[in-house]
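Peer 1: Structure here, sequence nowhere to be found:
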């Protein structure tokens with residue numbers, strides 16, 4: 001699958017006012033950096049960037065940087081994305097240049113696959129970890145890591161050390177919990193409700209007894 005392309009221009013004006021003017025024109029400030037690259041300030045089309053990252057997290061992008069009549073190409077991943085919460089638009093992006101034959105660390109989502117046996121028996125599946133940090137070559141970055149949980153019964157837990165990555169390695173404690181199936185809580189709720197009802201009945205009985213004791217003898 002060919003890598004998506006993103007056009008960018010060198011940015012020569014800086015500061016809050018310059019960034020504000022860029023956004024008013026439908027553009028957004030960005031910066032490109034890497035282990036062998038000095039930070040390069042850029043201007044990008046935020047809509048084009050959003051289309052690109054919809055293909056998945058950690059997608060590799062061919063970044064085309066225009067500098068007058070010159071152009072340079074870099075392979076990057078989005079390291080940080082600032083979004084305007086009101087307009088839901090990208091207002092700044094950090095683009096990390098990768099070297100295809102050097103490993104990098106990335107955050108990769110965890111996707112649980114299948115319905116656990118414990119859930120069929122009334123248990124509840126809880127996902128504790130939703131992404132992990134892993135190290136691999138840029139070309140081997142997975143869109144997500146699928147973890148089969150169909151075999152889990154009530155009380156079972158699956159850890160980072162229980163899964164095998166096709167390529168790369170996890171930079172996380174192998175004892176870190178990914179998911180667990182906990183017992184159903186319905187019975188506990190019912191018991192609590194029954195106790196509350198019993199307490200209410202006792203309180204009503206006590207209030208009734210106090211009223212009777214407080215009545216004058218002539219009214220008995």
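Peer 2: Nice, I can see it. These figures come from a predicted structure and were not determined experimentally. Numbers count the residues shown, from 1 in each chain.

Peer 1: Please make it C-alpha for all contacts and neighbour counts, starting now.
Peer 2: Noted.

Peer 1: where's stretch 51-64 relative to the chain centroid, distance-wise?
Peer 2: The chain centroid and the centroid of stretch 51-64 are separated by 17 Å, computed with Cα atoms, centre = their mean, to the nearest Å.

Peer 1: That stretch - what's its average pLDDT?
Peer 2: Confidence over stretch 51-64 (mean pLDDT, whole number) is 85.

Peer 1: Tell me which residues of that stretch come out buried.
Peer 2: 52-53, 57-64 (16 or more other Cα atoms under 10 Å).

Peer 1: what's the answer for stretch 155-166, then?
Peer 2: Buried residues in stretch 155-166 (16+ other Cα under 10 Å): 157-160.

Peer 1: can you pull out the strands in this protein?
Peer 2: Here the chain has its strands, by DSSP state E, at 5-10, 28-34, 37-44, 61-67, 70-84, 89-97, 104-113, 124-127, 131-136, 145-148, 157-159, 169-170, 177-182.

Peer 1: how about JSON lines for these, with distance to residue 21 added?
Peer 2: Listed next are the strands of the chain as JSON lines, based on distance: least, Cα to Cα, whole Å:
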{"stretch": "strand 5-10", "distance to residue 21": "15"}
{"stretch": "strand 28-34", "distance to residue 21": "9"}
{"stretch": "strand 37-44", "distance to residue 21": "12"}
{"stretch": "strand 61-67", "distance to residue 21": "20"}
{"stretch": "strand 70-84", "distance to residue 21": "15"}
{"stretch": "strand 89-97", "distance to residue 21": "12"}
{"stretch": "strand 104-113", "distance to residue 21": "33"}
{"stretch": "strand 124-127", "distance to residue 21": "43"}
{"stretch": "strand 131-136", "distance to residue 21": "36"}
{"stretch": "strand 145-148", "distance to residue 21": "40"}
{"stretch": "strand 157-159", "distance to residue 21": "49"}
{"stretch": "strand 169-170", "distance to residue 21": "42"}
{"stretch": "strand 177-182", "distance to residue 21": "45"}
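
Peer 1: nearest to residue 19, of those strands?
Peer 2: Closest of those to residue 19 is strand 28-34, at 6.3 Å (criterion: Cα to Cα).

Peer 1: other SSEs contacting the closest one?
Peer 2: helix 16-24, strand 37-44, strand 89-97 (3 or more Cα pairs under 8 Å, 6 or more residues apart in numbering; DSSP states H and E).

Peer 1: Can you tell me the closest non-neighbouring residue to residue 29?
Peer 2: Of all residues not flanking residue 29 in the chain, residue 43 sits nearest, at 4.8 Å (Cα to Cα, 6 or more residues apart in numbering).

Peer 1: and that neighbour, bridged to which residues?
Peer 2: residue 9, residue 29 (DSSP bridges).

Peer 1: for the strands of the chain, which one sits closest to residue 16?
Peer 2: Per Cα to Cα, nearest to residue 16 of the strands of the chain: strand 28-34, 10.4 Å.

Peer 1: what's next to the closest one, contact-wise?
Peer 2: 11, 19, 22, 39-46, 90-98 (Cα atoms under 8 Å, 6 or more residues apart in numbering).
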